[in-house]
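>>> just a sequence and a predicted model for now, questions to come.
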2 protein chains.
Amino acid sequence: MDKNELRNKLVLIATRLFAERGLNGVSIRELSKAAGVSISMISYHFGGKEGLYSSVLQEQFSCFGHIEEINNADVEVLTKIEAYIRWIIVRYRNNPYLLRFYTSELTNPTQFFSLIVQPAIEKVFQILMQIVEEGILNNKFRRDLNPADTAFAIAGIVNYYFLSTSATQEIISHLPDRDEELIRHCMDIFTKGILHN
Amino acid sequence: MDKNELRNKLVLIATRLFAERGLNGVSIRELSKAAGVSISMISYHFGGKEGLYSSVLQEQFSCFGHIEEINNADVEVLTKIEAYIRWIIVRYRNNPYLLRFYTSELTNPTQFFSLIVQPAIEKVFQILMQIVEEGILNNKFRRDLNPADTAFAIAGIVNYYFLSTSATQEIISHLPDRDEELIRHCMDIFTKGILHN
């Protein structure tokens, strides 16, 4: 196994263990046993358990940079909002442990929260606010919208849809084959509201 | 200390410890040390660590029953939705560890998830759907709304507002003195949507 393969293998195994038990719930001994490598190899490649956890977090949150591409695309604001919703869906479907790290770091932060997690989430939030401001400037969105609370609304529905999956999946399907319908409903509620005119 | 005081003290101390380290991250020995009571007292009152965790969860989620009162009030549907938003805000402001147990059980469930957490969250979700259905029947809400996805939207904005606090509070105040403004913005976005007509 070359250096990169070993690092990738360690990150992969550590992701599951840290997701299930948190940074403090996993010992370097357990990590070394689960990966079949020596403790000194973990120290050599990651500087110890904390370094390995930091690499796991970095990998989980690396996809957050994609929000820049969404914002820079030469499309109108509603298309950007739909692209954001699609990206969140893909993000959770491709990273089964992301929601665990995301909520765990937000509600019970480790020392790496302010370095890795906070800037990633704040960036996405700031860009959502920019998109709302762009919509207001273009006369597409209502002038009296508060960009921050509108950003919470957009981020809230789709993040909460995934967060609540295990408690609501008996009421409504959370399978990928309903994703297009979900996107349509999200866009419909945000653009038109729920009131009958 | 009488029996009830001892139980309350144990639940209080265990709440913080379990919130910070999870069910598996806390030993009965640590619980006994932190509370200044013997291990056998914990076993006598709660049947062990798992029983104590179950009591902590039950206490954290006991407030979820309040959704029935919101739904049974003789008020119109929009007032019910506003009452739901107000309740979620009070719920998180009064229970600083609730969001931690809520997200931890949803993303990394213990054996008590299906007994305590899942029914509590599902109940709230079902009643939100009923409120939306009532609004559609009364011709207040649009007929083409999907009740489940509309419930995700309502629950999403306010839950996500609290979830994201530590990552977004530098951009916008999350202090209680902005709560009335937040409620007004939530209601405004849900009822009218973001589009400029």
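Everything's here; your move.

>>> next SSE after the longest helix anywhere in chain A?
Scanning chain A for the helix with the most residues, using DSSP state H, yields helix A:3-25. Following helix A:3-25 in sequence order, the next helix or strand is helix A:28-35 (DSSP states H and E).

>>> so what does that next one touch, helix or strand wise?
Helix A:28-35 sits against helix A:3-25, helix A:39-46, helix A:49-61, with contacts defined as 3 or more C-beta pairs under 8 Å, 6 or more residues apart in numbering or on different chains; DSSP states H and E. Just so you know, the C-beta spots here come from the backbone N, C-alpha and C atoms, and that holds for glycine as well.

>>> most tightly surrounded among the ones you listed?
Comparing those by mean neighbour count (mean count of other C-beta atoms under 10 Å in any protein chain shown), helix A:49-61 comes out on top with a mean of 21.

>>> Provide the contact partners of the helix or strand following it at residue level.
Later in the chain than helix A:49-61, the nearest helix or strand by DSSP H and E is helix A:66-72. Helix A:66-72 is contacted by residues A:80, A:83, A:84, A:87, A:123, A:124, A:127, A:130, A:131 when judged by C-beta atoms under 8 Å, 6 or more residues apart in numbering or on different chains.

>>> check which residues of helix A:66-72 are buried.
Neighbour-count burial for helix A:66-72, counted by 16 or more other C-beta atoms under 10 Å in any protein chain shown, picks out A:67, A:70, A:71.

>>> can you tell me how far the second one is from chain B?
So the one you mean is residue A:70. The gap separating residue A:70 from chain B is 17 Å, by C-beta to the nearest C-beta, to the nearest Å.

>>> excluding sequence neighbours, find me the nearest residue to that residue.
residue A:83 (4.7 Å; C-beta to C-beta, 6 or more residues apart in numbering or on different chains).

>>> which pLDDT value does the model give that neighbour?
On pLDDT, residue A:83 comes in at 98.

>>> just put the buried residues of helix A:66-72 in a markdown table and tack on pLDDT.
Converted to a markdown table, those look like this (pLDDT from 0 to 100):
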| residue | pLDDT |
| --- | --- |
| A:67 | 96 |
| A:70 | 97 |
| A:71 | 96 |
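
>>> which of those residues sits closest to residue B:28?
Checking these against residue B:28 by C-beta to C-beta gives residue A:67 as the nearest, at 44.6 Å.

>>> tell me the spacing between the closest one and residue A:151.
As for residue A:67, its distance to residue A:151 is 12 Å (criterion: C-beta to C-beta, to the nearest Å).

>>> what about the residue nearest to residue A:70, how many residues nearby?
Using other C-beta atoms under 10 Å in any protein chain shown, the number of residues around residue A:83 comes to 18.

>>> repeat for residue A:106
A count of nearby residues for residue A:106, using other C-beta under 10 Å, gives 22.

>>> so for the host helix or strand of it, mean pLDDT?
Here residue A:106 sits within helix A:98-107, counting by DSSP H and E. Across helix A:98-107, pLDDT averages out at 98.

>>> just checking, what packs against it?
The elements that helix A:98-107 packs onto, with contact taken as 3+ C-beta pairs under 8 Å, 6+ apart, are helix A:3-25, helix A:49-61, helix A:77-94, helix A:147-163, helix B:98-107, helix B:147-163, helix B:165-168.

>>> can I get those in CSV with distance to residue A:197?
Converted to CSV, the helices and strands packed on helix A:98-107 look like this (distance: least, C-beta to C-beta, whole Å):
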stretch, distance to residue A:197
helix A:3-25, 46
helix A:49-61, 41
helix A:77-94, 20
helix A:147-163, 20
helix B:98-107, 36
helix B:147-163, 16
helix B:165-168, 33
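
>>> closest one to residue B:135 among the ones you listed?
helix B:147-163 (8.9 Å).

>>> that closest one vs chain A: in contact?
Yes - shown here: helix B:147-163 in contact with chain A (C-beta under 8 Å from any C-beta of the partner chain) through B:148-150, B:152-153, B:155-161, B:163.

>>> what is the rounded mean pLDDT of that helix?
pLDDT averaged over helix B:147-163 gives 97.

>>> what is that helix packed up against?
Packed against helix B:147-163, as judged by 3+ C-beta pairs under 8 Å, 6+ apart, are the following elements: helix A:98-107, helix A:147-163, helix A:179-192, helix B:77-94, helix B:98-107, helix B:118-137, helix B:179-192.

>>> at 7 Å instead, please
helix A:147-163, helix A:179-192, helix B:77-94, helix B:98-107, helix B:118-137, helix B:179-192 (3 or more C-beta pairs under 7 Å, 6 or more residues apart in numbering or on different chains; DSSP states H and E).
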